[in-house]
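> Provided below are the primary sequence and the corresponding predicted coordinates.
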Amino acid sequence: MTADTGRPPLAIVTGASVGIGAAVARTLSEAGHPLLLLARRVEEMEALGLPDALCRSVDVSDAEAVTAAVQEAEARYGPADLIVNNAGQMFLGFIADQPTEQWQRMVDVNVHGLLNGVRAVLPGMVERRHGTIINVSSVAGRNVYPNHTVYSGTKFAVQGMSESLRAEVSGQGVRVIIVAPGSVETDILAQTTHEGVKAGYQAFKDSIELLVPEDVAAAVLFAYQQPQRVTLREVVLASTAQVG
């Protein structure tokens, strides 16, 4: 709770328009948090109809836009105590013929976008000696799969950056948490343009009961609501039926 208002503090969610991000936004709102929601599609964030939610159309790869949105939200709701770096791009394909533009977009969003979110909130958290950074990774940041080469590389980067950042700031009262889900029932597969790869992955998805975005959102809230002295360093969750 914030000392001046008695309500939960500001929480920031990137990639908040659909899927996991939208579910996290709803879950945090139900817990009473004012929100800064960032994604490119502002209409979908506004359609969530959440109270005390500032929705801004921001590409997280734009560092200045991320910082400006955070400053605007903090001026309205007070300091951010939580950021959930969820924005991500997943283009699956054969590395030999995958468009290099897809490589660049995944690196821009999954790596640079995450760092931009961290940079926007970290100085204030360190100054207050309180705050939580939750980086959404993937089981593809722990395991390797065919047709995931660049995507998996970006998620391995999320793992490494998160663990190094934790070592930097844990003594300053800031928690860094990785949430790494397996396959989730979202529309992210639609980003893939290789029809053969897409069909194969869809067949896998159809063969098991997948996680739903609300499962991941519940894990985010559980990790955040632990006492500040407790860091669940990594939460890995997947469908019971998912092997890898």
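Great, that's in hand.
> hey, let's count contacts and neighbours off CA atoms from now on
Will do.
> need the longest strand for this structure.
Taking DSSP state E as the criterion, the chain has its longest strand at strand 174-181.
> correct me, but L28 touches V220?
No - the criterion here is CA atoms under 8 Å, and L28 misses it with V220 at 9.1 Å.
> look up phi and psi at the closest residue in space to T192 that isn't next to it in sequence.
Nearest non-adjacent residue to T192, counting by CA to CA, 6 or more residues apart in numbering: F91, 4.5 Å away. When quoted as degrees, to the nearest 10, the phi and psi of F91 stand at phi -110, psi 110.
> show me the helices in this structure, by range?
Here the chain has its helices, by DSSP state H, at 19-30, 42-46, 63-77, 100-106, 114-128, 149-169, 195-207, 213-224.
> could you check how far S29 is from A140?
To A140, S29 is 29 Å away according to CA to CA, to the nearest Å.
> so which residue is smack in the middle of this structure?
N86 (1.4 Å; CA atoms, centre = their mean).
> that one reaches N135, doesn't it?
Yes - at 6.5 Å, N86 counts as touching N135 under the criterion of CA under 8 Å.
> thinking again about what came up before, so which elements touch the longest strand of the chain?
Identification of packing neighbours for strand 174-181 by 3 or more CA pairs under 8 Å, 6 or more residues apart in numbering; DSSP states H and E yields strand 131-136, helix 149-169, helix 213-224, strand 234-237.
> out of the ones you listed, deepest packed?
Ranked by mean neighbour count, these are led by strand 131-136 with a mean of 24 (mean count of other CA atoms under 10 Å).
> what's the angle from the longest strand of the chain to helix 149-169?
On the basis of axes from the mean of the first three to the mean of the last three CA atoms, to 10 degrees, strand 174-181 is oriented at 160 degrees to helix 149-169.
> what pairs with strand 174-181, parallel or antiparallel?
Using DSSP bridges, strand 174-181 pairs in its sheet with strand 131-136 (parallel), strand 234-237 (parallel).
> how about those, which one is nearest G113?
Among the strands paired with strand 174-181, strand 131-136 comes nearest to G113, with 11.0 Å by CA to CA.
> now render the helices of the chain as CSV, adding distance to V176 and mean pLDDT.
Shown next, in CSV, are the helices of the chain (distance: least, CA to CA, whole Å; pLDDT from 0 to 100):
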stretch, distance to V176, mean pLDDT
helix 19-30, 17, 98
helix 42-46, 26, 97
helix 63-77, 19, 98
helix 100-106, 22, 97
helix 114-128, 10, 98
helix 149-169, 5, 98
helix 195-207, 30, 79
helix 213-224, 10, 98
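> export these to a markdown table and tack on distance to S57?
Output for these, formatted as a markdown table (distance: least, CA to CA, whole Å):
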| stretch | distance to S57 |
| --- | --- |
| helix 19-30 | 14 |
| helix 42-46 | 5 |
| helix 63-77 | 9 |
| helix 100-106 | 17 |
| helix 114-128 | 14 |
| helix 149-169 | 23 |
| helix 195-207 | 28 |
| helix 213-224 | 22 |
